[in-house]
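Asks: Structure for this input, please:
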Amino acid sequence: MTCILMWVAQEGFRDEELFIPRSIFEERGFTVTVVSHNTGTAWSKFGKIIEVLGIEDINLEDYDAFLLVGGPGSFEYSDDKTLHNYIKDAEKKLKLVGAICYSPNIMAKAGVLKGKRATVWGEPDIFNEQKVIFDNKKVVKDGKIITANGPDAALEWAKEIISYIECGAGK
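Replies: Below you'll find the predicted structure:
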């Protein structure tokens, strides 16, 4: 069974970027765990409240993929060393890592996108600083990293992730 770990900002994650992919993954029979920095409650940009696990309460090796959801709440995590460490570990140990909206910037700052093709919401300033190859598409796959540029790409991002996992590349 495929197990996916989805990270959200404690406050201000983008609804579509969590709920659309999560729903599609669960329809496929994947197990989805949502984490943030602290166990408890997380609030979406549009006021939806969900329960989340704390990132330090999970065992990364129990998962196949680590995906970062974006939204305005994710902006403050660009330089978060705790999250950077999980991203780096996930990139080394898991079959797939990915991010949507602003969160590819967090991955770039963690150092896992250097020299790779990726997309992001907004201007690619952080990408340029971190030597990431900006590809102005809705969804970009480079090896085992899949990025998407925002809420309008959530469905396509989810489909690309499923395709990667089910077509053997993620096995």
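Asks: Identify the bridge partners of Leu96.
Replies: Beta bridges link Leu96 to Ala65, judged by DSSP bridges.
Asks: Can you list the low-confidence ranges for the chain?
Replies: Applying pLDDT under 70 to the chain picks out residues 168-171.
Asks: Work out for me the element Glu26 sits within.
Replies: Taking DSSP states H and E as the criterion, Glu26 maps to helix 15-27.
Asks: Can you list the neighbours in contact with that helix?
Replies: For helix 15-27, the surrounding residues in contact (CB atoms under 8 Å, 6 or more residues apart in numbering) are 2, 4, 6, 8, 32, 34, 44-46, 48, 50, 67, 69-71, 100-101, 148, 150-152, 154-155, 157-159, 161-162. All C-beta atoms are positioned from the backbone trio N, CA, C, and that covers glycine.
Asks: Quick one, which of the residues you listed are buried?
Replies: With burial judged by 16 or more other CB atoms under 10 Å, the buried subset of these is 2, 4, 6, 8, 32, 34, 44-45, 50, 67, 69-71, 100-101, 148, 150-151, 154-155, 157-158, 161-162.
Asks: wait, Tyr77 sits on Ala9?
Replies: Yes - Tyr77 is within contact range of Ala9, at 6.5 Å (criterion: CB atoms under 8 Å).
Asks: higher neighbour count, those two?
Replies: The residue with more neighbours, out of Tyr77 and Ala9, is Ala9; 27 against 21, by other CB atoms under 10 Å.
Asks: Once you drop chain neighbours, what's closest to that one?
Replies: Spatial nearest neighbour of Ala9, excluding adjacent residues (CB to CB, 6 or more residues apart in numbering): Gly73 at 3.0 Å.
Asks: what do you get for Pro151?
Replies: Nearest to Pro151 is Glu16, by CB to CB, 6+ apart, at 4.0 Å.
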